[in-house]
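> With the sequence up front, the predicted model follows.
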Protein chains: 2
Amino acid sequence: MEAAGSLGPGEPQPPGTAEGAAPMNRSGGETGSEAKSVGFVLVHAGAGYHSESKAKEYKQVCKKACQKAIEKLQAGVLAVDVVTAALIELEDSPFTNAGMGSNLNLSGDIECDASTMDGKSLNFGAVGALRVESSGSWVDVRSEQRGCWEGIKNPILVANKLLSEAQKGKLSAGRIPPCFLVGEGAYKWAVDHGIVPYPPDMMATSCGEHLVRTMLARECSVALQAEDAHQALLETMQKKFIRSPFLAHEDSVLGGVIVLRCCKCSLESESAINTQPLLVEFLWSHTTESMCVGYMSTQDGKAKTHISRLPPGAVAGQSLAIEGGVCRLRSPMT
Amino acid sequence: MEAAGSLGPGEPQPPGTAEGAAPMNRSGGETGSEAKSVGFVLVHAGAGYHSESKAKEYKQVCKKACQKAIEKLQAGVLAVDVVTAALIELEDSPFTNAGMGSNLNLSGDIECDASTMDGKSLNFGAVGALRVESSGSWVDVRSEQRGCWEGIKNPILVANKLLSEAQKGKLSAGRIPPCFLVGEGAYKWAVDHGIVPYPPDMMATSCGEHLVRTMLARECSVALQAEDAHQALLETMQKKFIRSPFLAHEDSVLGGVIVLRCCKCSLESESAINTQPLLVEFLWSHTTESMCVGYMSTQDGKAKTHISRLPPGAVAGQSLAIEGGVCRLRSPMT
């Protein structure tokens, strides 16, 4: 499970948490190379176990995802589309358990979930059990034509398309547009909406069940209304995850989360020169052995990457690591 | 979307809410006709619009579901299995939008979701987009054998089976058992676990999207930790549903919920005679034109049914109705 959160300028954002893809607005400028946008992106390549021998590859894919996202932010692309661009890098890597690098299901096929959310409208798009790669084949009953199942290379593209279609409002006869599609229906909807299927030719965790049962992303999002983000995240991971009543029978609770929070600072001196700096707090926390993250702002020349590990002696599934930082973004002159 | 909640005796239950199927424990006695169990069941046959002309049919199916549930409770059946029995009645009715009576999807097939939860372990089982009835056909690539897709008549049976399998603990190699399966994978899992598919031969809402976006059942469950259930439900429906920020752009927010809450009373006089009465609060609330409910306790000879309607002049999607009652259950002598 991989995720990215990104913040563009505009109004203050609700806390963006993952796993899942977090929200944002149109960046300040017009689309095009002239646009001067500010923003910040935070991605992770899974909470689990990252061996030292492959550390370079994990960091490399996070770096690439951040750089792709910042390019898009600087080009004035919508924040949800920025997150999608970052996630495509993660889905396309054979080192991450998403898209092409995913674990196989019991039938030996790859089926993926993906979701994205817009922090302003609170709309979301989600797909489940979407076929990425299948070993199976088909026969058309009428034409007797045979073939192999095609897959959708990037499930996040379908989630993003569901979100953008939902933002357009109701369908005919007052029908509510779909926000969560699964399986064959998701595949058909994607193809009907212009997403090109991919012939099978590719290959390659954390505990998704624990995240789902505890609704960890939502709990973090609620907790981060509080003033002290670090303290709020620490308490949430302890009380709502490790000691969650929903996981009372588990002796090992495994997962991780990334958080982005943003607020406007209004210091006297700065309002005088008509800029409004944005303060971005970024945090990650995990109960797994390790978690690989990357982050970058529009002010940075390159992405920073890091593999966070539990402190020595800490037991995975019972202890947690929490780290992060703060970044100050200067808005472009308006 | 139909739902049932049931309470058996034993320890006090967490508030059970729906849409979805609410939890419970093994009833007091041994399985068998001798068992003297107490309990209560509350079902609904959808929040939407129930015409006067079909009122009798809606009430009839609620009545049948309640009576089936109470029979099971009296026989000492597990509460999750009691709820399943009630929901099978609702799924089998052509008047309810569940199972055989469901709305068709865009392809003209019936695909259903179903879920159930155990209030004690907080485990759940859920299926999505499970094929109930399909107009399609298949060809086996190797044998050239042809046929029609079979469906699963009762999706709730699959959800219940997922729950009961999950209660058994981990699978081989420490794998976490599935709690939520969709589409073809859900179908295959069901058949592999002994649920008999059904050849296609049958036929026939509220706003599921609004319930999902606001996580209404969860919000109600959290709110009902408060003392005054009626007030807590009223406020939740107003603040977390009709005025939810997740539905800010909707001018009509449609849905309904049923709630069961249970506590032990310990009056002096009663503890003296060694019985411990259970106080069951049951409530329903909806923003749709109407909602059809049924309820029954093990002390009743027959089920009560009712179609709740918005007050005159109230606008569906912007106003709500809230009703309910209290039932006092006497535990059998111990």
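Great, that's in hand.

> contacts, neighbours, all on C-alpha from now
Noted.

> Can you name the secondary structure element that comes next after the helix or strand where A:Ile307 lies?
Here A:Ile307 sits within strand A:304-309, counting by DSSP states H and E. Remark: after strand A:304-309, the chain's next helix or strand is strand A:321-329, criterion DSSP H and E.

> buried residues in that next one?
Buried residues in strand A:321-329, counted by 16 or more other Cα atoms under 10 Å in any protein chain shown: A:Ala321, A:Ile322, A:Arg328, A:Leu329.

> can you check stretch A:180-200 too?
For stretch A:180-200, the neighbour count (16+ other Cα under 10 Å) marks A:180-187, A:189-190, A:195, A:197, A:199-200 as buried.

> Look up which residues are beta-bridged to the closest residue to A:Val132 other than its chain neighbours.
Excluding the flanking residues, the one nearest A:Val132 by Cα to Cα, 6 or more residues apart in numbering or on different chains is A:Gly151, at 4.3 Å. Counting by DSSP bridges, A:Gly151 is bridged to A:Tyr198.

> looking at it, A:Gly151 is touching A:Val191, isn't it?
No - under the criterion of Cα atoms under 8 Å, A:Gly151 makes no contact with A:Val191, lying 10.1 Å away.

> which residues do the two both contact?
Counting by Cα atoms under 8 Å, 6 or more residues apart in numbering or on different chains, the shared contacts of A:Gly151 and A:Val191 are A:Pro197.

> Just the residues contacting the strand holding A:Ile307, thanks.
Against strand A:304-309 from outside (Cα under 8 Å, 6+ apart): A:50, A:55, A:59, A:62-63, A:289-296, A:321, A:323.

> for the stretch 51-200 of chain A, which spans come out with low pLDDT?
Across the stretch 51-200 of chain A, the ranges flagged by pLDDT under 70 are A:134-149, A:199-200.

> could you pull out the strands for it?
Using DSSP state E, counting those that start in this stretch, the strands of the stretch 51-200 of chain A run over A:110-117, A:124-133, A:137-139, A:146-148, A:180-182.

> A:Ser221 - that's part of a helix, no?
Yes - assessed with DSSP: H, G, I helix; E, B strand; the rest coil, A:Ser221 lies in a helix.

> What about it, how many residues nearby?
The tally of other residues near A:Ser221 (other Cα atoms under 10 Å in any protein chain shown) stands at 21.

> ditto for A:Cys112
29.

> what's the spacing between the closest residue to A:Lys63 other than its chain neighbours and A:Met291?
Distances taken as Cα to Cα, 6+ apart put A:Ala303 closest to A:Lys63, at 5.3 Å, once the chain neighbours are dropped. A:Ala303 sits 16 Å away from A:Met291, going by Cα to Cα, to the nearest Å.

> Repeat that for A:Val41.
Noted for A:Val41: a distance of 16 Å to A:Met291, by Cα to Cα.

> Which one's more surrounded, A:Ala303 and A:Met291?
A:Met291 (28 against 21).

> and that one, bridged to which residues?
Counting by DSSP bridges, A:Met291 forms beta bridges with A:Ala47, A:Ser308.

> now the one 5 residues further on
Going by DSSP bridges, A:Met296 is paired in beta bridges with A:Val41.

> how about it, what does it touch?
Taking Cα under 8 Å, 6+ apart as the test, what A:Met296 contacts is A:Phe40, A:Val41, A:Leu42, A:Cys66, A:Gln67, A:Ile70, A:Lys302, A:Ala303, A:Lys304.

> Quick check, the first one in contact with A:Glu71.
No - the pair A:Phe40 and A:Glu71 does not pass the contact test of Cα under 8 Å, sitting 11.1 Å apart.

> So these two - more neighbours on which side?
Legend: neighbour count by other Cα under 10 Å for A:Phe40 and A:Glu71, higher for A:Phe40 (27 against 15).

> Check that one and give its pLDDT.
At A:Phe40, the predicted lDDT confidence score is 94.

> just the one 4 residues further on next, same as before
pLDDT for A:His44: 93.

> now it, nearest residue through space, not along the chain?
Nearest residue to A:His44, sequence neighbours excluded (Cα to Cα, 6+ apart): A:Val293, at 4.1 Å.

> In contact with A:Val158, which residues?
A:Ala126, A:Val127, A:Ala190, A:Ile195.

> Apply 6 Å and report the result again.
Going by Cα atoms under 6 Å, 6 or more residues apart in numbering or on different chains, A:Val158 touches A:Ala190.

> how much space is there between it and A:Ala186?
Counting by Cα to Cα - A:Val158 and A:Ala186 are separated by 8 Å.

> And for A:Leu163?
For A:Leu163, the distance to A:Ala186 equals 13 Å [Cα to Cα].

> Tell me how many other residues surround the residue nearest to A:Glu57 when sequence neighbours are not counted.
Nearest residue to A:Glu57, sequence neighbours excluded (Cα to Cα, 6+ apart): A:Phe95, at 7.1 Å. Per other Cα under 10 Å, the neighbour tally for A:Phe95 reads 17.

> follow-up on the earlier one: next, the contact list for the residue nearest to A:Val132, please.
A:Gly151 makes contact with A:Arg131, A:Val132, A:Glu133, A:Pro197, A:Tyr198 under the criterion Cα under 6 Å, 6+ apart.

> My guess is the first one contacts A:Glu111. True?
Yes - the pair A:Arg131 / A:Glu111 is scored as a contact, 4.5 Å apart, by Cα atoms under 6 Å.

> What about the residue nearest to A:Lys63? Give its phi and psi, please.
When read as degrees, to the nearest 10, the backbone of A:Ala303 gives phi -80, psi 150.

> Tell me the secondary structure at the residue in the stretch 201-334 of chain A that chain B sits nearest to.
In the stretch 201-334 of chain A, the residue that lies nearest chain B is A:Phe246 (5.5 Å; Cα to the nearest Cα). Three-state call for A:Phe246 (three-state DSSP): helix.

> tell me the contacts of it?
If you count contacts by Cα under 6 Å, 6+ apart, then A:Phe246 has B:Leu122 around it.

> and the buried residues of stretch A:180-200 near chain B, which?
Contacts with chain B within those, as defined by Cα under 6 Å from any Cα of the partner chain: A:Gly183.

> Compile the buried residues of stretch A:180-200 into JSON lines and extend it with columns for distance to A:Ile242.
Below are the buried residues of stretch A:180-200 laid out as JSON lines (distance: Cα to Cα, whole Å):
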{"residue": "A:Phe180", "distance to A:Ile242": "28"}
{"residue": "A:Leu181", "distance to A:Ile242": "30"}
{"residue": "A:Val182", "distance to A:Ile242": "30"}
{"residue": "A:Gly183", "distance to A:Ile242": "31"}
{"residue": "A:Glu184", "distance to A:Ile242": "35"}
{"residue": "A:Gly185", "distance to A:Ile242": "35"}
{"residue": "A:Ala186", "distance to A:Ile242": "33"}
{"residue": "A:Tyr187", "distance to A:Ile242": "36"}
{"residue": "A:Trp189", "distance to A:Ile242": "38"}
{"residue": "A:Ala190", "distance to A:Ile242": "37"}
{"residue": "A:Ile195", "distance to A:Ile242": "39"}
{"residue": "A:Pro197", "distance to A:Ile242": "40"}
{"residue": "A:Pro199", "distance to A:Ile242": "41"}
{"residue": "A:Pro200", "distance to A:Ile242": "39"}
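
> And the contacts of the helix ranked longest in chain A?
Across chain A, the longest stretch assigned as helix under DSSP state H is helix A:55-74. Outside helix A:55-74, the residues that touch it by Cα under 6 Å, 6+ apart are A:Ser37, A:Val82, A:Ala86, A:Glu89, A:Gly294, A:Thr298, A:Ala303, A:Thr305.

> Would you mark the buried spots in that helix?
Neighbour counts over helix A:55-74 (16+ other Cα under 10 Å) mark A:57-70, A:72-74 as buried.

> Check what pLDDT the residue of the stretch 201-334 of chain A closest to chain B gets.
89.

> Then A:Thr205?
pLDDT, A:Thr205: 43.

> I figured A:Gln288 hits A:Gly48, correct?
Careful, residue A:288 is Thr; it's not Gln. Yes - contact criterion Cα under 6 Å: A:Thr288 and A:Gly48 qualify, at 5.0 Å.

> All set, thanks.
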